[in-house]
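**Student:** The following block contains a protein sequence and its predicted model.
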Amino acid sequence: MGEKEALLIIDMLNDFVREGAPLEVPSTREIIPVIKEEIEKARSAGNPILYICDAHDPDDPEFKIWPPHAVKGTEGAKVIDELAPQSRDIIVEKTTYNGFYKTDLEEILRDIGVTTVRLTGCVTHICVLYTAAGARVRGFDVKVVERGVAPLSLEDHQCALRQMKEVLKVDIV
């Protein structure tokens, strides 16, 4: 069996992308065109597209670390309109940095025969890094689209890419 790739779009939610949002990451707005291109390529190739989305309860313990964000059922928890999922796309809700932790992401990927995940989204040194690690320890090949991930700072971005490349043996594409 050959390589089957899935595109993962991580946390491109209103509460991270919109100006003035609770956990605004300004650089997310710069990667929207790149992610749109990745979506078009994935659709053309017939590859599955999965949206990995923060979805917190109002009293989530993470809110001791970060301001409340992406609370289930709110506008802030929705994928931005520019990247809105289509009916055949898969949405996986997560409650922490790693898209695999206490989710059915691994089972979904295995069920559809995915061997490689291609990561985009935010934030490079948090949810992208931890999801890449989660994928690698589960035996998936991992590619990270360098122009398709958003950092809080260039220093954190470069450090996370280096960690993924050198420690996790992720392909930075």
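**Tutor:** Alright, I've got the coordinates.

**Student:** Now do the lengthiest strand in the chain: which elements does it pack against?
**Tutor:** Using DSSP state E, we find that the single longest strand of the chain is strand 141-150. Secondary-structure packing of strand 141-150 (3 or more Cβ pairs under 8 Å, 6 or more residues apart in numbering; DSSP states H and E): helix 28-45, strand 116-122, helix 129-137, helix 154-166, strand 171-172. C-beta: built from backbone N, CA, C; applies to glycine.

**Student:** what about this protein, any weak spots by pLDDT?
**Tutor:** 1 (pLDDT under 70).

**Student:** one step back: closest to Thr96 out of the helices and strands packed on strand 141-150?
**Tutor:** Nearest to Thr96, of all those, is helix 129-137, at 7.9 Å by Cβ to Cβ.

**Student:** and among the helices and strands packed on strand 141-150, the most buried is which?
**Tutor:** Mean neighbour count (mean count of other Cβ atoms under 10 Å) peaks for strand 116-122 among the helices and strands packed on strand 141-150, with a mean of 25.

**Student:** Let me know the angle separating it from strand 141-150.
**Tutor:** Counting by axes from the mean of the first three to the mean of the last three Cα atoms, to 10 degrees, strand 116-122 lies at 20 degrees to strand 141-150.

**Student:** Next, the angle from strand 116-122 to helix 129-137.
**Tutor:** 170 degrees.

**Student:** Tell me which strands strand 116-122 pairs with, and in which orientation.
**Tutor:** strand 5-10 (parallel), strand 141-150 (parallel) (DSSP bridges).
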